[in-house]
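Undergrad: Got a predicted structure here, sequence first:
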Amino acid sequence: MRVIKIIGLAMGLVLTLQTAAVTIETTPLLNVYYPDFSHIDLVCGQMPPTGSPGVEFCCEAAFTGELLLEFRHLNVADNHICDGVMMKGYSCRANTGGFVWKKGKWQFMRKADYPTAADGWRMGFCQLLIIKDGVARPISGKMRTKRTIYRALCEKAGRLCIIECRKPMSYESFVKSLVDYHVTHALYLDMGSGWNYAWYRDADGQVRELFPESKASPKYKYRTNWITFYQK
């Protein structure tokens, strides 16, 4: 069943498409994906293939250090939790925050507060913290004006979502668009040619790809980790 709602907000019209797996909301600047998930994991080494049972949405999460053909957890930026186990990654100065999840609970945090052991958390990773408690974090001068399509893991009104800008914009503009969308927390997700490929499941159970052309990038084979939402 599909339900479409059009809601008027100060930032413009918001179109909501309800599907069996993912609610898709669009604004003039953003595409927003709300997975209806039962659990989340950080899958490392190989991206879940399209059509994997139970997967609703998956995309790149933490940064990758070197372009290596073989997978190593040490090539993932900072320590990360996979299936309840803390794995050691390389120290990444660019990361300023983190995210952890366990059944019924998640937390966005500053990197200084990221756990040193799994301690019951089922998944987690570090990344650039964009927004914490509704307040945008400081933006470095070098990144401020870089124009591209950005993606972030966010919380809005107590729900997790993945948000992309609909067209290339500066990082500063992307952050402002998240603030205007009333995001409470936001954590950067790795992007760029090869890394921006993602997929999700629509109302009919069919796979929909984001940036499918990215599979042709020579860097596609160097990806290392994916935040993956499941419903099963």
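TA: Perfect, thanks for sending it.
Undergrad: Tell me the backbone dihedrals of the residue positioned nearest the centre of the chain, please.
TA: Geometric centre of the chain, nearest residue: L153, 3.8 Å, by C-alpha atoms, centre = their mean. When quoted as degrees, to the nearest 10, the phi and psi of L153 stand at phi -90, psi 130.
Undergrad: my read: it touches L187, true?
TA: Yes: taking C-beta atoms under 8 Å as the definition, L153 is a contact partner of L187 at 4.8 Å. In this view, the C-beta of every residue, glycine as well, is placed from N, C-alpha and C.
Undergrad: For the two, list the residues in contact with both.
TA: Shared contacts of L153 and L187, defined by C-beta atoms under 8 Å, 6 or more residues apart in numbering, are found at F99, Q127.
Undergrad: re the thing from before, let me see the contact set for the residue nearest to the centre of the chain.
TA: Here L153 is in contact with A61, F99, Q127, L160, C161, I162, A186, L187, L189, I227 (C-beta under 8 Å, 6+ apart).
Undergrad: what's the most distant pair in the residues you listed?
TA: Using C-beta to C-beta, the contacts of L153 span at most 15.5 Å, a distance reached by Q127 and C161.
Undergrad: more crowded one of the two?
TA: Legend: neighbour count by other C-beta atoms under 10 Å for Q127 and C161, higher for Q127 (27 against 23).
Undergrad: For the more buried one, list each beta-bridge partner.
TA: G97 (DSSP bridges).
Undergrad: can you start the count at 509 instead of 1 from here on
TA: I'll keep to 509 as the first residue from here, and by that count the last item is Q635.
Undergrad: tell me the contacts of it?
TA: With contact set as C-beta under 8 Å, 6+ apart, Q635 has these partners: 569-571, 585, 603, 605-607, 661, 695-698.
Undergrad: cool, L582 as well?
TA: So L582 contacts G573, K596, G597, Y598 (C-beta under 8 Å, 6+ apart).
Undergrad: what separates the first one from L582, distance-wise?
TA: Put plainly, it is G573. In this view, G573 and L582 are 8 Å apart by C-beta to C-beta, to the nearest Å.
Undergrad: Now do the contacts for the closest residue to G606 other than its chain neighbours.
TA: Distances taken as C-beta to C-beta, 6 or more residues apart in numbering place Y622 nearest to G606, at 3.8 Å, with adjacent residues excluded. Counting by C-beta under 8 Å, 6+ apart, Y622 touches D586, N587, G605, G606, V608, G632, C634.
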